[in-house]
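Enquirer: 3D model of this:
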Amino acid sequence: MINRRPLETPQILANRASLLTKVKEINGKTIREIDTTGRLSNSKDKGRIGQVIQVYLGKDPDNDPGEDFPEAGVELKVTGLIANQKSYRAKERLILHMIDYVKDHGISFDQSGLLSKCGTMLITTYQYLPAINGVKTDYGSFPVVDSFVYKLSDKDVEVMKNDYDTILEKIKAL
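Expert: Got it, this is the predicted structure:
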């Protein structure tokens, strides 16, 4: 079994706990309430809600291929939930990693960096409120539901490796 997960030192665990405490302070607040930089106004940016959360946590968004918060050993993922009577369901699949079919076709799963980046994730959820009667969806009105740390299990890694290998085989067959 592949194990490229970074070591969790006492400092990394302390930083992670601090980050989780900070992000939980916005539970119940709307995205608009925490958007201090006006990122919501860029309607062409699909990742704007994630960027709002990232800035709130003290990090400017970038295209760095590593973890969002290496000092805490976590990658930030922000995802929408849709309310169902007394619970929630995922609005859509959570994207962990994009495979570039031109550049990545020769990179194996264990060399991809996926595990080192997403082995431990800080996941923040918000309630997606769909547009009603043709009114434009107001992303700023979405309330933050909760945040938690999720570590990939060995079973998760096994499934991901199989999926990754299947995708690479399909790319190579083109």
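Enquirer: so what's residue 126 bridging to?
Expert: residue 80, residue 144 (DSSP bridges).
Enquirer: didn't it look like it was pressed against residue 29?
Expert: No - in this structure, residue 126 is not within contact of residue 29 by CB atoms under 8 Å, at 9.8 Å. Just so you know, the C-beta spots here come from the backbone N, C-alpha and C atoms, and that holds for glycine as well.
Enquirer: overlap in contacts, the two.
Expert: 143-144 (CB atoms under 8 Å, 6 or more residues apart in numbering).
Enquirer: compare those two (neighbour count), which wins?
Expert: Using other CB atoms under 10 Å as the criterion, residue 126 and residue 29 rank with residue 126 on top: 26 against 13.
Enquirer: list phi and psi for residue 146.
Expert: Main-chain dihedrals, residue 146, degrees, to the nearest 10: phi -170, psi 170.
Enquirer: I figured it hits residue 125, correct?
Expert: Yes - between residue 146 and residue 125 there is a contact under CB under 8 Å: 5.7 Å.
Enquirer: quick one: which of these two has more around it?
Expert: It is residue 125, of residue 146 and residue 125, that has more neighbours when counted by other CB under 10 Å, with 21 against 15.
Enquirer: what are the boundaries of the strands in the chain?
Expert: 75-84, 87-90, 120-127, 144-151 (DSSP state E).
Enquirer: now, of these, which is deepest in the fold?
Expert: A comparison of these by mean neighbour count, using mean count of other CB atoms under 10 Å, puts strand 120-127 on top with a mean of 21.
Enquirer: and the longest helix along the chain, which residues are buried?
Expert: Counting by DSSP state H, the longest helix found in the chain is helix 154-172. In terms of neighbour count (16 or more other CB atoms under 10 Å), helix 154-172 has its buried residues at 157, 160-161, 164, 168.
Enquirer: stretch 30-44 too?
Expert: So, applying 16+ other CB under 10 Å, buried residues of stretch 30-44: 30-31, 34-35, 39-40.
Enquirer: tell me which of those residues fall in helices.
Expert: 31, 34.
Enquirer: turn the strands of the chain into CSV, columns for mean pLDDT and distance to residue 113.
Expert: Formatted as CSV, the strands of the chain follow (pLDDT from 0 to 100; distance: least, CB to CB, whole Å):
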stretch, mean pLDDT, distance to residue 113
strand 75-84, 96, 11
strand 87-90, 94, 25
strand 120-127, 97, 14
strand 144-151, 97, 17
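Enquirer: thanks again, I'm all set now.
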